[in-house]
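Visitor: coordinates only, sequence not included:
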């Protein structure tokens, strides 16, 4: 009986070499971007104590109630594959005393896990890169964080962006507003969708973020948090808006943009792209001044955001061509194959991008493959060249504009000992 062919689990996706090129572009751009901004990378475990996320995300949230990959380990401890990055970063900062060393500017990147319905740009194993600024409470840090997100997306060439902005005020502002909102919604409970009715008792602010169109139509008449803010919160939000204007970053105030847990304060934002359809959000974040204390640390201001790398890759296009090799090393015959292996290593040690043809096919087929790869310069070794101690060179694509010893389409023979220096010089022209 034939064995069943094994495949990935639903929502777990292989990244094939062509797609990985785009991922590497995003990762490299992020590293350069954060380095220029004085932000240091932190790496936390994939597996954490379940209690970290129950506290750090909230026991009443869908993530904790329905979506986490949790299990008992052999020591009967409840463990969870991390569903997001912020709680782990704050936990690490507390555990290792980083909060006692002044404010921290940290970034992370890696896989997260949520058991939800897979769709374009959203899988059960997904990847995020994120920023966390710890220990600074001023509105300037809010704008600094948002500007880094905006500029990174710009550096990546993402188009059709919009920054949506709101303020959650202080816990006291939200308590007063929650009472008004709950009272207003209880009089209209039959008009709410089932999920929003459940949230009315557990986390009413999240109703504002409902994706149900009927509920959103109803909410247009609901009380607004902005009208219940205290003087200090209003002035802070005005300061954030003025700083964004000073940086020439356009934004839209969006009252429905909320974070439902009490440790979130003041600024909340999302950056969307009009090229993603229903899953428009590419970055989301906000201020979470109460989180460190909830996780057992000292009261610490915090501001951060996360981007989904899958969605960035969708925007950038997963069919981006690989970088073509500078040199394609064509070879045929027993002695030639050995010589080609040695030469390929020498050229790679000279920091050149070299593709060694290992097929043993005819030179005609090797040339066709080299052309498809987009290789710039062919180095050719057959048995005759190997025995004579020479190689042949031939431009395939993009010869130098002038000053080259070798014209396009022309083959040039030279001693094998001179190949490495000659190729370096030709490609440097």
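Guide: The structure has been received and is ready for your questions. Computed from a predicted structure; not experimentally measured. Numbering: from 1, shown residues only.
Visitor: show me where the stretch 1-150 of the chain has its strands.
Guide: 40-41, 47-49, 69-72, 78-81, 104-113, 125-134 (DSSP state E, counting those that start in this stretch).
Visitor: just say which of the ones you listed is most tucked in.
Guide: A comparison of the strands of the stretch 1-150 of the chain by mean neighbour count, using mean count of other Cβ atoms under 10 Å, puts strand 125-134 on top with a mean of 23. C-betas here are computed from N, CA, C, even on glycine.
Visitor: which other helices and strands contact that one?
Guide: Applying 3 or more Cβ pairs under 8 Å, 6 or more residues apart in numbering; DSSP states H and E, we find strand 125-134 packed against helix 17-36, helix 86-95, strand 104-113, helix 139-156, strand 302-308, helix 309-316.
Visitor: quick check: domain ranges of the protein?
Guide: Domain segmentation of the chain under automatic domain parsing yields 17-170+230-316, 327-428.
Visitor: need phi/psi at residue 205.
Guide: Phi and psi for residue 205, reported as degrees, to the nearest 10, are phi -60, psi -30.
Visitor: need the contact list for it.
Guide: Residue 205 sits next to 174, 178, 181, 258-260 when contact means Cβ atoms under 8 Å, 6 or more residues apart in numbering.
Visitor: same thing with residue 303?
Guide: 132-133, 136, 141-142, 145, 267, 285-288.
Visitor: can I have the buried ones of those residues as a ChimeraX selection?
Guide: Per 16 or more other Cβ atoms under 10 Å, the buried members of these correspond to this ChimeraX selection:
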select :132,133,136,141,142,145,267,285,286,287,288
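Visitor: buried ones in stretch 138-148?
Guide: 139, 141-148.
Visitor: mind putting those into a markdown table with distance to residue 230 and pLDDT?
Guide: A markdown table is the format used below for these (distance: Cβ to Cβ, whole Å; pLDDT from 0 to 100):
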| residue | distance to residue 230 | pLDDT |
| --- | --- | --- |
| 139 | 15 | 95 |
| 141 | 21 | 97 |
| 142 | 18 | 97 |
| 143 | 21 | 98 |
| 144 | 24 | 97 |
| 145 | 23 | 97 |
| 146 | 23 | 98 |
| 147 | 27 | 97 |
| 148 | 29 | 97 |
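Visitor: dump those to CSV, plus distance to residue 193.
Guide: What follows is these, written out as CSV (distance: Cβ to Cβ, whole Å):
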residue, distance to residue 193
139, 35
141, 37
142, 32
143, 35
144, 38
145, 33
146, 31
147, 36
148, 36
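Visitor: of those, closest to residue 168?
Guide: residue 142 (11.8 Å; Cβ to Cβ).
Visitor: show me what counts as buried in stretch 394-403.
Guide: Of the residues in stretch 394-403, 394-396, 399 count as buried by neighbour count, 16+ other Cβ under 10 Å.
Visitor: do stretch 7-16 as well
Guide: So, applying 16+ other Cβ under 10 Å, buried residues of stretch 7-16: residue 11.
Visitor: closest one of the buried residues of stretch 138-148 to residue 15?
Guide: Proximity of the buried residues of stretch 138-148 to residue 15 (Cβ to Cβ) peaks at residue 148, which lies at 25.6 Å.
Visitor: quick check: phi and psi on the closest residue to the closest one other than its chain neighbours?
Guide: Excluding the flanking residues, the one nearest residue 148 by Cβ to Cβ, 6 or more residues apart in numbering is residue 37, at 5.7 Å. For residue 37, the backbone dihedrals (degrees, to the nearest 10) come out as phi -90, psi 10.
Visitor: surely residue 37 meets residue 145?
Guide: No. Applying Cβ atoms under 8 Å as the test, residue 37 and residue 145 come out as separate, 9.9 Å apart.
Visitor: and residue 375, what pLDDT?
Guide: Looking at residue 375, its pLDDT is 91.
Visitor: so it touches residue 323, yeah?
Guide: No. Counting by Cβ under 8 Å, residue 375 stays clear of residue 323, with 11.0 Å between them.
Visitor: any common contacting residues for these two?
Guide: Listed contacts common to residue 375 and residue 323 are nil; contacts here mean Cβ under 8 Å, 6+ apart.
Visitor: more neighbours: which of the two?
Guide: Comparing residue 375 with residue 323 by neighbour count (other Cβ atoms under 10 Å), the higher total belongs to residue 375, at 26 against 10.
Visitor: report the residue spans of the chain with pLDDT below the cut-off.
Guide: Scanning the chain for pLDDT under 70 picks out 60, 260, 262, 277-279, 318-322, 401-409.
Visitor: quick one: residues contacting the residue sitting nearest the centre point of it.
Guide: Nearest to the geometric centre of the chain sits residue 309, at 3.2 Å (Cα atoms, centre = their mean). Contact analysis of residue 309 by Cβ under 8 Å, 6+ apart lists 23, 26, 109, 126-129.
Visitor: apply 10 Å and report the result again.
Guide: Going by Cβ atoms under 10 Å, 6 or more residues apart in numbering, residue 309 touches 22-23, 26-27, 30, 109-111, 121, 126-129, 282.
Visitor: now tabulate those in JSON lines and tack on distance to residue 332.
Guide: What follows is the contacts of residue 309, written out as JSON lines (distance: Cβ to Cβ, whole Å):
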{"residue": "22", "distance to residue 332": "35"}
{"residue": "23", "distance to residue 332": "35"}
{"residue": "26", "distance to residue 332": "39"}
{"residue": "27", "distance to residue 332": "38"}
{"residue": "30", "distance to residue 332": "43"}
{"residue": "109", "distance to residue 332": "44"}
{"residue": "110", "distance to residue 332": "44"}
{"residue": "111", "distance to residue 332": "43"}
{"residue": "121", "distance to residue 332": "46"}
{"residue": "126", "distance to residue 332": "46"}
{"residue": "127", "distance to residue 332": "43"}
{"residue": "128", "distance to residue 332": "48"}
{"residue": "129", "distance to residue 332": "45"}
{"residue": "282", "distance to residue 332": "49"}
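Visitor: relative to residue 143, how far out is residue 239?
Guide: Separation of residue 239 from residue 143 (Cβ to Cβ, to the nearest Å): 9 Å.
Visitor: same check on residue 257?
Guide: Counting by Cβ to Cβ, the separation of residue 257 from residue 143 is 16 Å.
Visitor: over to residue 34?
Guide: Distance, residue 34 to residue 143, using Cβ to Cβ: 17 Å.
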